[in-house]
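Enquirer: structure, please.
(one chain, ligands or ions: 3)
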Amino acid sequence: MAEHILEVEDLRGYYRGVFGVVHAIDGVSFSLDRGVIMGIAGESGGGKSTLAQLVSGTPPPLLHHEGGRILVDGIDIYNIDPEELRTEVKCKRMSYVPQASMESLNPVKRIRDFIFDVVGQRTRRRVSSSERKEEVLEMATSHIKALGLDRSVLDRYPHELSGGMKQRVVIAISTLWNPKLLVIDEPTSALDVTSQKRMIKALLNLKQVGIIESMLYISHDLTSLKQLCDECMVMYAGKIAEIGDMDGTIDDPLHPYTRLLIAAIASYDSRGKKTCKLECIPGSPPDLRSPPPGCRFHPRCPYVMDVCRSREPGMFMVGDGKRGASCWLLTSKSG
Ligand SMILES: Nc1ncnc2c1ncn2[C@@H]1O[C@H](COP(=O)(O)OP(=O)(O)OP(=O)(O)O)[C@@H](O)[C@H]1O
Ligand code: SF4
Ligand SMILES: [Mg+2]
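Expert: Ligands and ions are numbered 1, 2, ... in the order given. As a prediction, this is how the structure comes out:
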């Protein structure tokens, strides 16, 4: 058995089109241990969704895997044939729930019929006999319940469900085959505070009851990341700015960008009302068709030095080697 459920080595993914070449993921390396939930944070455009699409083996048409390896449970997913990727990796070892996926339910089908279609497509065998339908419904019910929903949702149409319920139904369907790794992109972004809390609880329960083993959870919301994740990766302009355990990252951020990101968290009172003004990070993320030389954060960094403008910092690990950041300021701290 491979040591890590996920290993990403020097990954590069670019969008190529009439607009030019967007260096959306540029030299990203990390690994995810079995049983761990890792959160991916960062501003809009940082490359979180692009990374998820590449890791899940589902890059959209303009996104190209330019280099680097992705090993899922030891399988090099860009070095196997598509049929093996479909049967051995997708659903079984890894499932991906994209951003805004609640819209993927079919509005004119009851949830149960939609599930029959999904299972039929996946297994290439139509779910038509009553025996097979019962079997599938039983499988779906355990997942629906693990996500805090009642079995009765199976008989409903999507429009009869709230946004949070639809999102949890999509997650239940995506995890029907108990994937070892769940890659999930912004599942709480369209939800109110109460539904967000329910979602976090549901995701934790998925792991507790053993439906999934590990998770890559993407969110720009550091509060939900802190509630859910063991580890955290902060992305900026297609690169990893900082990586390490969740609490350490929040309590003692290493990278200037992480510090500014944390300062930008809004606080909410018990009724979900915003109680402090959001502090914005000065400037805006770069155009990734021509990213800045050196450290990509240098045009916005309050601590910028000459070296930052011309030389790209590597990942400097600190302490026990489990935390690190890509910043020249760490040269003196790293071991
Ligand atoms: N289809 C596309 N064609 C060209 N460029 C794209 C496309 N999709 C994303 N990009 C660019 O790739 C970069 C990374 O975008 P991505 O959507 O991965 O960021 P993100 O961190 O997920 O942002 P958000 O928080 O808004 O979801 C950005 O510069 C974005 O403009
Ligand atoms: S390398 Fe330089 S510009 Fe980049 S974050 Fe560190 S101090 Fe700021
Ligand atoms: Mg995104």
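Enquirer: now do the contacts for the residue positioned nearest the centre of the chain.
Expert: Nearest to the geometric centre of the chain sits I218, at 3.2 Å (Cα atoms, centre = their mean). The contact partners of I218, by Cβ atoms under 8 Å, 6 or more residues apart in numbering, come to 39-40, 48-49, 51-52, 99, 183-186. Any C-beta I mention is one placed from the backbone N, CA and C, and that applies to glycine too.
Enquirer: any idea of the mean pLDDT in whatever helix or strand F114 lives in?
Expert: Assigned by DSSP states H and E, F114 belongs to helix 111-123. Helix 111-123 comes out with an average pLDDT of 95.
Enquirer: check stretch 71-87 too.
Expert: 95.
Enquirer: span of that stretch from start to end?
Expert: 16 Å (Cα to Cα, to the nearest Å).
Enquirer: can you give me the buried ones in it?
Expert: 71-73, 75, 77, 85 (16 or more other Cβ atoms under 10 Å).
Enquirer: same question for stretch 50-59.
Expert: Those buried within stretch 50-59 under the rule 16+ other Cβ under 10 Å are 50-57, 59.
Enquirer: is any part of it close to ligand 1?
Expert: Yes - legend: contact between stretch 50-59 and ligand 1 by Cβ under 6 Å from any ligand atom is shown at T50.
Enquirer: which residues does that stretch contact?
Expert: Taking Cβ under 8 Å, 6+ apart as the rule, stretch 50-59 contacts 6, 8, 11, 13, 15, 24-25, 28, 40, 60, 63, 65, 70, 72, 77-78, 85, 89-90, 94-96, 98, 183, 185, 216, 218, 235, 238.
Enquirer: centre of the chain to the helix or strand encompassing D26, how far?
Expert: Assessed by DSSP H and E, D26 sits inside strand 20-33. The chain centre lies 13 Å from the centre of strand 20-33; the measure is Cα atoms, centre = their mean, to the nearest Å.
Enquirer: what helices and strands are in contact with that strand?
Expert: Strand 20-33 sits against strand 4-17, helix 48-55, strand 63-72, strand 214-218, strand 231-236, strand 239-245, with contacts defined as 3 or more Cβ pairs under 8 Å, 6 or more residues apart in numbering; DSSP states H and E.
Enquirer: re earlier: include distance to ligand 2 and pLDDT when you put the contacts of I218 into CSV, please.
Expert: Formatted as CSV, those follow (distance: Cβ to the nearest ligand atom, whole Å; pLDDT from 0 to 100):
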residue, distance to ligand 2, pLDDT
G39, 20, 98
I40, 18, 98
K48, 19, 97
S49, 23, 97
L51, 20, 98
A52, 24, 98
Q99, 27, 89
V183, 27, 98
I184, 29, 98
D185, 26, 97
E186, 25, 95
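Enquirer: quick one: buried ones out of these?
Expert: 39-40, 48-49, 51-52, 183-186.
Enquirer: quick check: S214 vs ligand 2, distance?
Expert: Distance, S214 to ligand 2, using Cβ to the nearest ligand atom, to the nearest Å: 29 Å.
Enquirer: was I right to think that residue contacts P179?
Expert: No - between S214 and P179 there is no contact under Cβ atoms under 8 Å: 9.4 Å.
Enquirer: residues from the stretch 51-200 of the chain in reach of ligand 3?
Expert: Q99 (Cβ under 5 Å from the ion).
Enquirer: where does the prediction get shaky in the stretch 51-200 of the chain?
Expert: The stretch 51-200 of the chain contains no residues with pLDDT under 70.
Enquirer: what residue in the stretch 51-200 of the chain comes nearest to ligand 1?
Expert: L62 (5.0 Å; Cβ to the nearest ligand atom).
Enquirer: swap that for the stretch 101-250 of the chain, please
Expert: Closest point on the stretch 101-250 of the chain to ligand 1, by Cβ to the nearest ligand atom, is H220, at 5.0 Å.
Enquirer: good, we can wrap up now.
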